[in-house]
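Student: Predicted model follows, preceded by the sequence.
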Amino acid sequence: MRLQTAIDRVSVERAEEIMQKIRGCADIVEIGTSLIKDFGLEGSVSVLKRKFPEQCILADIKTCDEGEYEFRKAYESGADIATVMGFSSMATIRACRNVALEKKKEYMIDLLEVSGEKIEKLAQEFPEAIFCLHLPSDKKGEGFEEMVHREMQNLHGVQKIAVAGSVTFDKLELLKKVGMDIVIVGSAIHKAEDIHAAAKAFAEEIRRQ
């Protein structure tokens, strides 16, 4: 499994401090939607990519329309991965996919509140995408295990699957068991008293055979 650490609702300066503390632990650093909205792609993703050029950075832009334009802007800002919402039109997701392939970058389809029927269609048409199972943060972790088991069935055969939404250390055993590829951890790391120690603990457990 890979560890993706989400950084959001902080200043760019604080994001830089967090990235310094999780260096070597996080396989992917997610620059969160609110951070991008507050400071723009240039003021967040571009700044942080210049400071950490070796770090794989995901721009959580949550595209739902204007796919080609938004994905070009994300990749031009330095993002290695950009996100599109699974409830978007198929035309929008195709536009995002086409830009990603052109730029030789990865892209993530966020499955927040997407029906099982559409998930199956997306899995068939976009096999190279990262599919993100996403429990809304407002649910405070309720229904996490049920969501994971249900959506893993809908994504049978897909190689790259991520999960987000109240991921805590005690959920790692389940995620290993179901064959998750990317574990997205937010506040359990960036709000920890010792951020480096928390990131190191997650990374070691995720990479442990």
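Tutor: Perfect, thanks for sending it. As the structure is a computational prediction, the values presented were derived from the model and not from experiment.
Student: Could I get the buried residue list for the helix or strand of the chain with the lowest mean pLDDT?
Tutor: Here the helix or strand of the chain ranked lowest by mean pLDDT, DSSP states H and E is helix 144-154, holding a mean of 89. Of all the residues in helix 144-154, those buried under the rule 16 or more other CB atoms under 10 Å are F144, M147, V148, E151, M152, N154. Every residue, glycine included, has its C-beta placed from N, CA and C.
Student: Export these to a markdown table and append columns for distance to E173.
Tutor: As requested, the buried residues of helix 144-154 are exported to a markdown table (distance: CB to CB, whole Å):
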| residue | distance to E173 |
| --- | --- |
| F144 | 13 |
| M147 | 16 |
| V148 | 12 |
| E151 | 18 |
| M152 | 15 |
| N154 | 22 |
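Student: Please tell me how far the helix or strand that the least confident helix or strand of the chain is followed by is from the chain's geometric centre.
Tutor: Per DSSP states H and E, the first helix or strand lying C-terminal to helix 144-154 is strand 161-164. Counting by CA atoms, centre = their mean, to the nearest Å, strand 161-164 is centred 7 Å from the centre of its parent chain.
Student: try stretch 173-182
Tutor: On CA atoms, centre = their mean, the centre of stretch 173-182 falls 15 Å from that of its chain.
Student: re the thing from before, put the alpha carbons of the least confident helix or strand of the chain into PDB.
Tutor: These are the backbone C-alpha positions of helix 144-154, laid out as PDB (Å, rounded to 0.1, in the frame of the first residue of the first chain):
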ATOM      1  CA  PHE A 144     -16.700   3.200   6.700                       C
ATOM      2  CA  GLU A 145     -16.300  -0.600   6.800                       C
ATOM      3  CA  GLU A 146     -19.600  -1.200   4.900                       C
ATOM      4  CA  MET A 147     -18.600   1.300   2.300                       C
ATOM      5  CA  VAL A 148     -15.200  -0.300   1.700                       C
ATOM      6  CA  HIS A 149     -16.600  -3.800   1.300                       C
ATOM      7  CA  ARG A 150     -19.500  -2.600  -0.900                       C
ATOM      8  CA  GLU A 151     -17.400  -0.500  -3.300                       C
ATOM      9  CA  MET A 152     -14.500  -3.000  -3.600                       C
ATOM     10  CA  GLN A 153     -17.100  -5.400  -5.100                       C
ATOM     11  CA  ASN A 154     -18.100  -2.700  -7.600                       C
END
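Student: show me where this protein has helices.
Tutor: 12-21, 33-41, 47-51, 67-76, 90-103, 116-125, 144-154, 172-177, 187-190, 195-207 (DSSP state H).
Student: which other residues reach the least confident helix or strand of the chain?
Tutor: Contacts with helix 144-154, where a contact means CB atoms under 8 Å, 6 or more residues apart in numbering, come from 111, 116, 119-120, 123, 133, 135, 161, 163, 165-166, 171, 174-175, 178-180.
Student: Tell me the buried residues within the residues you listed.
Tutor: Buried, going by 16+ other CB under 10 Å: L111, I119, A123, L133, L135, I161, V163, G165, S166, K171, L175, M180, out of the contacts of helix 144-154.
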